[in-house]
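Participant: Using only what follows, build the 3D model:
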Amino acid sequence: GAREEEQLELKATLGTGSFGRVRLVKVKNDGKYFALKILKKSEVIYLKQVEHVKTEKKILEEISHPYIVNLTGAFQDDKNLYLLLEYVIGGEFFSHLRKAGRFPNDTSVFYSGQVALVFEHLHGLTILYRDLKPENLLLDKEGHCKVTDFGFAKKVDYRTW
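Facilitator: Alright, predicted model coming up:
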């Protein structure tokens, strides 16, 4: 069949990072939308992030949780690595927080609870997330939280807590 990236129609840039960007993509044959994380191999190597990128892919392949952004596929070409992720329509938690200034207590408890459930799930799989910040939380169309960006996550062989 055709190469994976040829089946995707590139849309808006959703975000940029130190060695790549995330683009909204539409699958040509079924019209579904995903977020495509595009990592430049040269930058990943230059910034010594090879292990982080491998770990992110491996961990995302291993986990599934309603409050974690799901990995749908991964592929590469000569220049880039690609992670095809669930598209979370509500954008970054950070943007909503900045706009609101602060959230009421019940809202804070609601989101804290969802993040705690994610951490409980990850810790049960001996995975440490290690990068919790408002920019790494996305909101879905129902207003639920989804944790994204597992670049600093780590699989441990034993409990460190």
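Participant: quick one: the strands in the chain?
Facilitator: Per DSSP state E, the chain carries strands over the ranges 8-16, 20-27, 33-40, 71-76, 80-86, 127-128, 137-139, 145-147, 154-155.
Participant: ok, the last one: who's next to it in the sheet?
Facilitator: Spelled out, that is strand 154-155. Partner strands for strand 154-155, per DSSP bridges, with pairing direction: strand 127-128 (antiparallel).
Participant: domains for this structure, by residue range?
Facilitator: 4-86, 93-155 (automatic domain parsing).
Participant: could I get the strands of the chain as a markdown table with distance to residue 105, mean pLDDT and mean neighbour count?
Facilitator: Glycine gets a C-beta too; all of them are placed from N, C-alpha and C. A markdown table is the format used below for these (distance: least, Cβ to Cβ, whole Å; pLDDT from 0 to 100; neighbours: other Cβ atoms under 10 Å):
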| stretch | distance to residue 105 | mean pLDDT | mean neighbour count |
| --- | --- | --- | --- |
| strand 8-16 | 29 | 94 | 13 |
| strand 20-27 | 32 | 96 | 18 |
| strand 33-40 | 31 | 97 | 20 |
| strand 71-76 | 34 | 96 | 15 |
| strand 80-86 | 29 | 96 | 21 |
| strand 127-128 | 28 | 96 | 18 |
| strand 137-139 | 18 | 97 | 23 |
| strand 145-147 | 16 | 98 | 23 |
| strand 154-155 | 32 | 94 | 14 |
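Participant: Dump these to TSV, plus distance to residue 57.
Facilitator: Formatted as TSV, the strands of the chain follow (distance: least, Cβ to Cβ, whole Å):
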stretch	distance to residue 57
strand 8-16	18
strand 20-27	13
strand 33-40	10
strand 71-76	5
strand 80-86	7
strand 127-128	13
strand 137-139	19
strand 145-147	16
strand 154-155	12
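Participant: The longest helix anywhere in the chain: which residues count as buried?
Facilitator: Taking DSSP state H as the criterion, the chain has its longest helix at helix 105-124. Buried positions in helix 105-124, judged by neighbour count with 16 or more other Cβ atoms under 10 Å: 111, 114-115, 117-119, 121-122.
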